[in-house]
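Undergrad: pasting the structure only:
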């Protein structure tokens, strides 16, 4: 198995006809993803990449049976698009946009509270189950099917870890980018729980960064609930306090936000912490074999 | 995005929050005129910089005569004010806020943040005003009240009264404080704030509340819909290299080391800095070239990194997803041709089109030091630095 997206997933793309969406939808399809159509309001009835375009997510779900949506609409419209997908019954909503106003996401989280859907992102490269389903913008070719779950806030650092794993012959069940925003859909705990429940996943690599309590919360949850080993890294040891390091959420606002504070606590809670980001793969290899 | 205290107070006044009478002054005469027009016998002269902790740094003075207003303004304007938040070099003071001083009966704290644990706007209040709230939270957590707001309902009246009662207010003061919280919440919502802080919130002689100091910061991602806030941005308070970088679509933050970094993606950029630090080096900057980096963007990245005279070596670390290694390589070669680059350059390329990137660098004849992976890159940076030392 895998988590959240699988070979059977039926994917639609919101903002389908845009340039980036088109490029990445094609790339996903070439790598085994079942894309069944897309949504661009005002262009319903047209065809794009040989697939139907709909005006609303509701129509797309009714016609195609889609259960996963990749949202490629620009930040000012993204919150509305997420809620539209949730309302239409989409189970996994992947939000690529970087730059959604935080208060929009606060509203979205409230809207999502009584829905069962998983929101991945925003500000994420997406999610990939290698050779089965990719919703996002990551380069498919670096991922290989395997037994390790990967979850990260950063995109490129996810690629870095995966490359290190590949060089040592380790593949992934699923790789999830939860995104770099301070208010995001799915947190580390939710992803860890899914990996723990997935029979094929044998171990997890968790890559965090400065800012917020997520990594330590996840480590605490893992100590109490997980049977599988977790290797962890937190980026930003050398980051100055009070500065936003590229990601909206990557900011040290208090002592507990620093990379070292988080890694110390994670270690105490039983996570196999890597202090040198160049050795994420090597540490995983040592711990997992 | 941050704004000055005088701007925050102006904004809050518009929402019905009481603030002391006062105006901003750019020079001594200006300050004296304002004080005279405000009237009264005592005035507060406050340096306007974005960093906090100004009182501790000597940036807040109480004047008992117009001469003193002149004297303090003269001292403050033009000084490099050092506070716990500015770093040792301090921040140049270009204007002061001149306010009527008022008699304070008691000081409280009132703030709002987007709390990452609850993922909601959360009101924070305390009877321990005028102090650093994080320190109060650490030493005396029971004195810090936190109340998350349901975004579907908004800040309810009963919540405000509950908070007011818990910080020890009684009788009419409770309604007064509740009104103030509602005003602050309205402003927070309508202006896409990330943080609002009134500290101290003072109870003044007639039992009313007044915001003696106020600070707000705003969500840059929402400023497209908040033009009146965008106008308040003060570029003098920002690093010129950072402003220039952002105009080129680059995310740059200056640090105090000597290893210049050019990386794609915020996470990898931080990890690259960390790898250098792990090997005993010190990064000179954080720089994320972003996705879809053109050769031109790479050239600009070099220009900005090299404006820092401390840079002794540059590490280029690219893991191309949306990016393309061949474009990055072309940008590198172009930068070497166009710019006077006298520091060694270590290059690590991976991801999309990596097989095309290497040959472009090889063919250029420039002495790039190629690295196979992140560890190799950090090792080579340190070895090269040592060899040239």
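TA: Thanks, I have the structure now. Since we're looking at a predicted model, the values are computed, not measured. Residues are numbered from 1 along each chain as shown, chains lettered A, B, ... in the order given.

Undergrad: pick out the residue of chain A closest to chain B.
TA: residue A:154 (2.0 Å; C-beta to the nearest C-beta). To be clear about C-beta, it is placed using only N, CA and C from the backbone, and glycine gets the same treatment.

Undergrad: pretty sure residue B:195 is touching residue B:215, no?
TA: Yes. Under the criterion of C-beta atoms under 8 Å, residue B:195 makes contact with residue B:215 at 7.3 Å.

Undergrad: excluding chain neighbours, what is closest to the residue of chain A closest to chain B?
TA: residue B:267 (2.0 Å; C-beta to C-beta, 6 or more residues apart in numbering or on different chains).

Undergrad: do the same with residue A:18
TA: Among residues not flanking residue A:18 along the chain, residue A:72 sits closest, at 5.8 Å (C-beta to C-beta, 6+ apart).

Undergrad: got the contact list for the spatially closest residue to residue A:4 that is not a sequence neighbour?
TA: Using C-beta to C-beta, 6+ apart and skipping residues adjacent in sequence, the residue nearest residue A:4 is residue A:92, 5.2 Å away. Residues in contact with residue A:92 (C-beta atoms under 8 Å, 6 or more residues apart in numbering or on different chains) are A:4-5, A:9, A:67-69, A:117-118, A:120, A:127, A:135.

Undergrad: what's near enough to touch the spatially closest residue to residue B:120 that is not a sequence neighbour?
TA: The shortest distance from residue B:120 to any non-neighbouring residue, by C-beta to C-beta, 6+ apart, is to residue B:148 (4.4 Å). Listed by C-beta under 8 Å, 6+ apart, the contact set of residue B:148 reads B:115, B:118, B:120-123.

Undergrad: 7 Å instead, please
TA: Neighbour list for residue B:148: B:115, B:118, B:120, B:122 [criterion: C-beta atoms under 7 Å, 6 or more residues apart in numbering or on different chains].

Undergrad: surely the residue of chain A closest to chain B is within a strand?
TA: No. Looking at residue A:154 with DSSP: H, G, I helix; E, B strand; the rest coil, it is coil, so not inside a strand.

Undergrad: doesn't residue A:14 make contact with residue A:69?
TA: Yes. Using C-beta atoms under 7 Å, residue A:69 is in contact with residue A:14, at 5.7 Å.

Undergrad: which residues are common contacts for the two?
TA: Listed as contacting both residue A:69 and residue A:14 by C-beta under 7 Å, 6+ apart are A:57, A:85.

Undergrad: near chain B, which residues of the stretch 101-250 of chain A? Just list them.
TA: Within the stretch 101-250 of chain A, the positions adjacent to chain B are A:101-103, A:106-107, A:109-110, A:125, A:137-139, A:142, A:153-157, A:159-160, A:163, A:180, A:182-183, A:209, A:212-213, A:235-240, A:243, A:245-248, A:250 by C-beta under 7 Å from any C-beta of the partner chain.

Undergrad: can I see the domain layout of chain B?
TA: B:1-20+B:103-237, B:21-101, B:240-388 (automatic domain parsing).

Undergrad: please check the contacts of residue B:148 and keep the buried ones.
TA: Burial by neighbour count, judged by 16 or more other C-beta atoms under 10 Å in any protein chain shown, picks out B:115, B:120, B:122 from the contacts of residue B:148.

Undergrad: in chain B, which spans are helices?
TA: B:5-14, B:28-38, B:66-76, B:133-139, B:157-166, B:172-190, B:227-230, B:240-247, B:266-278, B:295-306, B:325-338, B:354-364, B:374-388 (DSSP state H).

Undergrad: rewinding a little: who does the residue nearest to residue A:4 bridge with?
TA: residue A:68, residue A:118 (DSSP bridges).

Undergrad: so how far is residue B:169 from it?
TA: Between residue A:92 and residue B:169 the computed distance is 47 Å (C-beta to C-beta, to the nearest Å).

Undergrad: who's in contact with residue B:320?
TA: Residues in contact with residue B:320, defined by C-beta under 7 Å, 6+ apart, are B:328, B:351-353.

Undergrad: give me the beta-bridge partners of it?
TA: Under DSSP bridges, the beta-bridge partners of residue B:320 are residue B:351.

Undergrad: and the residue of chain B closest to chain A?
TA: residue B:267 (2.0 Å).

Undergrad: and for that residue, the neighbour number?
TA: When neighbours are defined as other C-beta atoms under 10 Å in any protein chain shown, residue B:267 has 33 of them.

Undergrad: for residue A:241, give me the pLDDT.
TA: We have a pLDDT of 89 for residue A:241.

Undergrad: look up phi and psi at it.
TA: Phi and psi for residue A:241, reported as degrees, to the nearest 10, are phi -70, psi 150.

Undergrad: so what's it up against?
TA: residue A:252.

Undergrad: could you rerun that using 10 Å?
TA: Residues in contact with residue A:241 (C-beta atoms under 10 Å, 6 or more residues apart in numbering or on different chains) are A:210, A:251-255, A:257-258, B:85.

Undergrad: how about residue B:387?
TA: residue B:344.

Undergrad: who are the contact partners of residue 19?
TA: Since you didn't name a chain, this refers to chain A. By C-beta under 10 Å, 6+ apart, the residues touching residue A:19 are residue A:72.

Undergrad: you looked at the wrong chain, it should be chain B
TA: Here residue B:19 is in contact with B:5-6, B:8-13, B:99, B:198, B:210-214 (criterion: C-beta under 10 Å, 6+ apart).

Undergrad: perfect, that will be all.
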